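Student: no sequence for this one, just the structure:
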């Protein structure tokens, strides 16, 4: 938990990330590339070291943990762990490649490589790390079950395990990595978030001053807004474990918009010139939307209740700004075209409450809840496609976006 001093330190560090984002994109990505290579090398080194030690010590003696706690596993738990254990959070980095894709010289080639490559690389690294961790553990370490795994002076499971195996050098590297890797993530999240705010201003869905650029062609005020929001986020979530569930659910909820938008654009703008064309979008997009809603559902009712309340408050504030501050006409707000969002969010909230995950009332057991979320997701897609803007209006918006790139 953050102390008052820790809160100030976090605010200053976020300010450093914001300042770095005011550099030219090419220089910024150069900094990020260096950190990225570090973030790949250290986990691979850790996995290799743990695998070697585990195979040399525990494996020949037959003292492994593979069958030490057979009651500690459940098929449902595999899915529930995706948001709760930070697994989904660990894969969210691919989003930055999409947010910054418009600033790439060859988006049609680079975006698929970055998105697919980052997911495959992350999966490889995480599986190797998990393998190394399991090989290096001793049955005595989980004598009281997986929920009570602990090490003397534990300040992180991998570093503590490395120290207990006599690899102090690796523990030191991991403590250094605990600063560098999250720093790289924070840097790029400010970058991606500022570009999303720039798009909000560009689409006139928010203040036009969000599109103001500095001499390096960076959205200056959007970066500053990201810094303010980042600092404010520390108030209700002063610890990583408290923050990760909400961030995972909120971020994955935004992922769900992508497949819907793609399907609507395929319906209304089939001949639109694009740098990248997703094959089999009619199958992949609905599956992606369903998967996004499953992850939100598995986050649990308590988390989703807080999330949807925040979304409702944010929407109310935005509507008030739109009508009262900006003074724009009600007819331009598009209430008819966003009505499907109420069905989407409201339905997910109700299903979360009926489910048995994270504080739900348990009316639905695990698998019936999963099936109903899938069915509801497909119904929401149908609603969204029926409520879409007219093709002519979408075409005008796309032309305006192209003109500002």
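Tutor: Okay, I see it. If you're wondering where the values come from, they're calculated on a predicted model, not measured in any experiment.

Student: so where is the stretch 101-250 of the chain shaky, pLDDT-wise?
Tutor: Residue ranges of the stretch 101-250 of the chain with pLDDT under 70: 102-103, 152-155, 242.

Student: which stretches of the stretch 251-400 of the chain form strands?
Tutor: With strands called from DSSP state E, counting those that start in this stretch, the stretch 251-400 of the chain shows none.

Student: what's the domain layout of this structure?
Tutor: 1-238, 240-405 (automatic domain parsing).

Student: could you dump those domains to TSV with mean neighbour count?
Tutor: No exception for glycine: its C-beta is placed from N, CA and C like everyone else's. Conversion of the domains of the chain to TSV gives the following (neighbours: other CB atoms under 10 Å):
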stretch	mean neighbour count
domain 1-238	16
domain 240-405	16
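
Student: tell me who's in contact with the closest residue to residue 370 other than its chain neighbours.
Tutor: Nearest residue to residue 370, sequence neighbours excluded (CB to CB, 6 or more residues apart in numbering): residue 294, at 6.4 Å. Residues in contact with residue 294 (CB atoms under 8 Å, 6 or more residues apart in numbering) are 79, 370, 373, 374.

Student: how much space separates the last one from residue 265?
Tutor: Which is residue 374. From residue 374 across to residue 265, the span is 23 Å (CB to CB, to the nearest Å).

Student: can you tell me which residue is nearest the centre of the chain?
Tutor: residue 92 (3.6 Å; CA atoms, centre = their mean).

Student: in this structure that one contacts residue 251, no?
Tutor: Yes. Residue 92 is within contact range of residue 251, at 5.6 Å (criterion: CB atoms under 8 Å).

Student: look up phi and psi at residue 213.
Tutor: phi -110, psi 150 (degrees, to the nearest 10).

Student: ah, wrong one, I meant residue 144
Tutor: phi -100, psi 20.

Student: same check on residue 219?
Tutor: phi -70, psi 90.

Student: show me what contacts it?
Tutor: 194, 195, 197, 198, 210, 211, 212, 213.

Student: tabulate these (a markdown table), appending secondary structure and distance to residue 87.
Tutor: Formatted as a markdown table, the contacts of residue 219 follow (DSSP: H, G, I helix; E, B strand; the rest coil; distance: CB to CB, whole Å):
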| residue | secondary structure | distance to residue 87 |
| --- | --- | --- |
| 194 | helix | 27 |
| 195 | helix | 26 |
| 197 | helix | 28 |
| 198 | helix | 30 |
| 210 | helix | 33 |
| 211 | helix | 36 |
| 212 | coil | 38 |
| 213 | strand | 37 |
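
Student: the stretch 51-200 of the chain: helices as residue ranges?
Tutor: Taking DSSP state H, counting those that start in this stretch as the test, the helices found in the stretch 51-200 of the chain are 75-84, 87-90, 94-99, 107-136, 157-164, 168-202.

Student: tabulate these (CSV), appending distance to residue 37.
Tutor: Listed next are these as CSV, based on distance: least, CB to CB, whole Å:
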stretch, distance to residue 37
helix 75-84, 27
helix 87-90, 18
helix 94-99, 16
helix 107-136, 12
helix 157-164, 19
helix 168-202, 10
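
Student: residue 338 is nearest to which of those helices?
Tutor: Minimum separation from residue 338 across the helices of the stretch 51-200 of the chain (CB to CB) falls at helix 168-202, 14.6 Å.

Student: so which elements touch that closest one?
Tutor: When contacts are defined as 3 or more CB pairs under 8 Å, 6 or more residues apart in numbering; DSSP states H and E, helix 168-202 sits against helix 4-21, helix 25-61, helix 94-99, helix 157-164, helix 220-233.

Student: could you dump those helices to a markdown table with distance to residue 148?
Tutor: Output for these, formatted as a markdown table (distance: least, CB to CB, whole Å):
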| stretch | distance to residue 148 |
| --- | --- |
| helix 4-21 | 28 |
| helix 25-61 | 20 |
| helix 94-99 | 34 |
| helix 157-164 | 13 |
| helix 220-233 | 31 |
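
Student: go through those and find the least confident stretch.
Tutor: Note on those: lowest mean pLDDT is at helix 94-99, with a mean of 76.

Student: just checking, what packs against it?
Tutor: helix 107-136, helix 168-202.

Student: and of the helices of the stretch 51-200 of the chain, who's closest to residue 303?
Tutor: Distance to residue 303, taken as CB to CB, is lowest for helix 75-84 among the helices of the stretch 51-200 of the chain, at 8.0 Å.

Student: what are the contacting residues of that closest one?
Tutor: By CB under 8 Å, 6+ apart, helix 75-84 touches 87-89, 245, 248-249, 252, 294-295, 298-300, 357-358, 366, 370.
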